[in-house]
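Asker: I'd like to go over a predicted model; first the sequence, then the structure.
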Protein chains: 2
Amino acid sequence: MNTEHLKLFLDTFDDISYIDKGSLENYSHDETEDLRFLPHVVVKPSTVEEISAIMRFCNSHGIYVTPAGARTGLSGGALPVRGGVLLSMEKFNRILSIDEDNLQVITEPGVITQVLQDTVREKGLFYPPDPASKGSCFIGGNVSENSGGPKAVKYGVTADYVLNLEVVLASGEVIWTGANVLKNATGYNLTQLLVGSEGTLGVITKIVLKLIPHPKADLLMLVPFYDAAKACEAVAQIFNAGITPSGLEFMERDALTWTLKHFPDITIDVKENHAAHLLIEVDGFDLNQLFEECEKITAVLENFETDEILFAESHAQKDQLWTIRRKVGEAVKAYSIYKEEDTVVPRYRLPQLLVGVKEIGKKYGIQSVCYGHAGDGNLHVNIIKGKLTDQQWTEDLPKAITEIFELTVSLGGTLSGEHGIGYVQKQFMPIAFSEVHLELMRNIKKVFDPKGILNPDKIF
Amino acid sequence: MNTEHLKLFLDTFDDISYIDKGSLENYSHDETEDLRFLPHVVVKPSTVEEISAIMRFCNSHGIYVTPAGARTGLSGGALPVRGGVLLSMEKFNRILSIDEDNLQVITEPGVITQVLQDTVREKGLFYPPDPASKGSCFIGGNVSENSGGPKAVKYGVTADYVLNLEVVLASGEVIWTGANVLKNATGYNLTQLLVGSEGTLGVITKIVLKLIPHPKADLLMLVPFYDAAKACEAVAQIFNAGITPSGLEFMERDALTWTLKHFPDITIDVKENHAAHLLIEVDGFDLNQLFEECEKITAVLENFETDEILFAESHAQKDQLWTIRRKVGEAVKAYSIYKEEDTVVPRYRLPQLLVGVKEIGKKYGIQSVCYGHAGDGNLHVNIIKGKLTDQQWTEDLPKAITEIFELTVSLGGTLSGEHGIGYVQKQFMPIAFSEVHLELMRNIKKVFDPKGILNPDKIF
């Protein structure tokens, strides 16, 4: 963005533009590692018409626009890597209507996911997708990255709840991608094309989500395993016993103990020989049925060597266990410089993935901590810098990550389950996709954004 | 396709090409009204490599290719409207693997949907989408049209089960659209773009579907209403009572009685003052819970004026009721020349849609019979030629349909819930989409098929 363009932009969008040092720095980063890119200007529009005018202006002048939500992303999707306009959606923070008759909610994208969940819950309704950052992330970011979270194993990911989107295109024109209906066979599915497109195809300004009745009860247990790969094996066996838990989370020992250090009030007896834990939740409408499901799960677990199972006895204890699980990412971040990969494989392949990741780590002398949504085959691999030299970190790490992704793809999986590709994973896309395939994606991008102004340098 | 091209094509694909009169006529139609278009040649390849070679040939010579499955479609998606090559997928009829560990099946597209369902059921697994034509339609056609069926109300449509697709592009190149995983945030969602694209973006050659554990029990009831709009109102109230039936079908009186004429062995006491029926099914793993759900449903129904509810007492009686429902389309077809619309609205809007359709019919003197998946807000409006003159049929019908679709869209709905747009509904697309939106779709088509050889004249 040259000086002349910036001046013209500020003249045109005077009342919603910010170019003070504090604003530019504040919007220069998200939760992805330690990356910072200063935008030229931050705008905080509050109407579709304003966004439309901004896009028209930027499209005609070839100015980059990076849409941003709460900037809690882990793949750098909201980083303004080429400067230009940082389009903050924070003022789009209203839930517009809750349709109790059709079980739908229409919301603006800047609503915090947990606020949305809590608000619809007051009506007895449930919006299940709940990324670990649900207390701070925006629903618009969840749609843009196709976020998951622990409930995805039973209830699906964000994509499964998005019925319709209002989108401002790069040209400034506004469309609704679909209709507010549960089934739709009318032309190409632009709704699902926009979901997970990481702000590269348009700016989402309204979201129509499907809701379901909120379950009435849940039960939660924490299971210590002496062997981490066996814990992964148990995951598939639980499903094969006909149970679909509403959460089935895996944590390696370090993930749990590092997190516990940050919560001195929470006591969990992690013994020396515990290698990993499974956190297992079932939910539903009938408590007796849930007790039966827990019995079936413990019967499966008897095939494995586990230590004593902790059943959460109160709402407070459930909250504690989930807090621990949600805060693993932050705890790893506090422990060391790290790099997170968001691998996903068919559920039954999880033990192979875990063993393979550890072997690759051994080869390069790199320590990793793994945790994640084992029920979905979605393993977060956190690679720890620890005592590695800067040279090892910059030279060996990309090789190790390449091998991890090659293993993931060879197991029928892919690069990202829920964090997106954004800025930091795009170099690995050729591991999952052929050049023909990538070219199709690039050309779809051109259909929506011929000048390439929207969220440049992302995905490809 | 000119004579020279045809000769060259036959020289190249001699062993799999058919140009006899019988073949050309047989493949000139599907189940859509009375439309016939002769292809120049029918090919029946049996390998991906053959399809790839055919596409390369046709792409380089600018020859139209229309992929076809079992040709049971109701929107003309498989009609070779510009002649050229009719690419029959009937030899792609193998289920390649059932992965009981990961609950997935990999199938070729030419497998009959019911065969797929029955085969996975032997392993205790469930593939829910079940269009009325499930005994004859191909799973590949279901993916191409994003088919629904009665189970969609609880279990979702075809799109909800498609994890990954092998596709031959117009250029002859082959890609897999995604990965065999339950969650995926890796680049644009080409899988869901291909689902419902009606053979216009590529030729689907392998399909990876998610499976779920098969429910153990179900209960079925048929409820006669004196007022059809009230039956539609009851639908939303059942959901609002916290019940999600596994089937919630609506049939106007004529739909039921016309169908019963074709099944003299089935006795259902349809009285003079019955205006419509709801067919309601619940399913699950616990019979006692299902009885409780039925009690809750009958409690809701007490708010309405209904006649005596028929509870199916045996497996045979359930089969009979479902057979009647599945055969409504064929019965209407046998009764008169007709035109079917596949309207879909938010569930709660259904009574308004039904009343509006009848008012529009009255205005033009046109009789209609409505039935369909009321639980999804998906109403099949069958417009009957009956005693209308040919002139009325050709002049008034498009006006009436336009008004019906305008009403549907104004209620938050859209043109097709599960039949697709294909050839016969494309003229109505501007009612649901702006020119900007349609241009995005046309340009996506160009990305996949720059020469426009794949299934021409469909959707747009």
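Answerer: Cool, got the structure. Residues are numbered from 1 along each chain as shown, chains lettered A, B, ... in the order given.

Asker: Wait, a strand at A:N184?
Answerer: No: looking at A:N184 with DSSP: H, G, I helix; E, B strand; the rest coil, it is coil, so not inside a strand.

Asker: burial measure for it, as a count.
Answerer: A:N184 has 27 neighbouring residues, counting by other Cβ atoms under 10 Å in any protein chain shown. C-betas here are computed from N, CA, C, even on glycine.

Asker: From B:G148, how far off is it?
Answerer: Using Cβ to Cβ, to the nearest Å, A:N184 is found at 10 Å from B:G148.

Asker: intersection of neighbour lists for these two?
Answerer: Counting by Cβ atoms under 8 Å, 6 or more residues apart in numbering or on different chains, the common neighbours of A:N184 and B:G148 are B:G417.

Asker: helix or strand for A:A255, which one?
Answerer: Assigned by DSSP states H and E, A:A255 belongs to helix A:253-260.

Asker: and that helix, what does it pack onto?
Answerer: Other helices and strands packing on helix A:253-260, by 3 or more Cβ pairs under 8 Å, 6 or more residues apart in numbering or on different chains; DSSP states H and E, are strand A:276-284, helix A:315-326, helix A:328-335, strand A:367-373.

Asker: and the angle for that helix with strand A:276-284?
Answerer: 70 degrees (axes from the mean of the first three to the mean of the last three Cα atoms, to 10 degrees).

Asker: shouldn't A:A276 be in contact with A:M251?
Answerer: Yes: the criterion here is Cβ atoms under 8 Å, and A:A276 meets it with A:M251 at 6.4 Å.

Asker: Show the average pLDDT along the biggest helix by length in chain A.
Answerer: Across chain A, the longest stretch assigned as helix under DSSP state H is helix A:390-410. For helix A:390-410, mean pLDDT rounds to 95.

Asker: Which helix or strand lies directly C-terminal to it?
Answerer: Counting by DSSP H and E, what follows helix A:390-410 is helix A:429-432.

Asker: Could you give the average pLDDT over the helix or strand harbouring A:D218?
Answerer: Assigning secondary structure by DSSP H and E places A:D218 in strand A:217-225. Mean pLDDT, strand A:217-225: 97.

Asker: That strand - contacts with which helices or strands?
Answerer: helix A:228-240, strand A:276-284, helix A:287-301, strand A:310-311, helix A:315-326.

Asker: And the helices and strands packed on helix A:253-260: which comes nearest chain B?
Answerer: Checking the helices and strands packed on helix A:253-260 against chain B by Cβ to the nearest Cβ gives strand A:367-373 as the closest, at 7.8 Å.

Asker: Would you mind writing the CA trace of whichever helix or strand comes after that closest one as PDB?
Answerer: Downstream of strand A:367-373, the next assigned helix or strand under DSSP H and E is strand A:378-384. Output of strand A:378-384 as PDB, limited to C-alpha atoms (Å, rounded to 0.1, in the frame of the first residue of the first chain):
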ATOM      1  CA  ASN A 378      -6.900 -35.600  15.000                       C
ATOM      2  CA  LEU A 379      -3.600 -35.400  16.800                       C
ATOM      3  CA  HIS A 380      -1.900 -32.100  17.700                       C
ATOM      4  CA  VAL A 381       1.800 -32.700  17.500                       C
ATOM      5  CA  ASN A 382       3.700 -30.000  19.500                       C
ATOM      6  CA  ILE A 383       7.400 -30.000  18.600                       C
ATOM      7  CA  ILE A 384       9.500 -28.500  21.400                       C
END
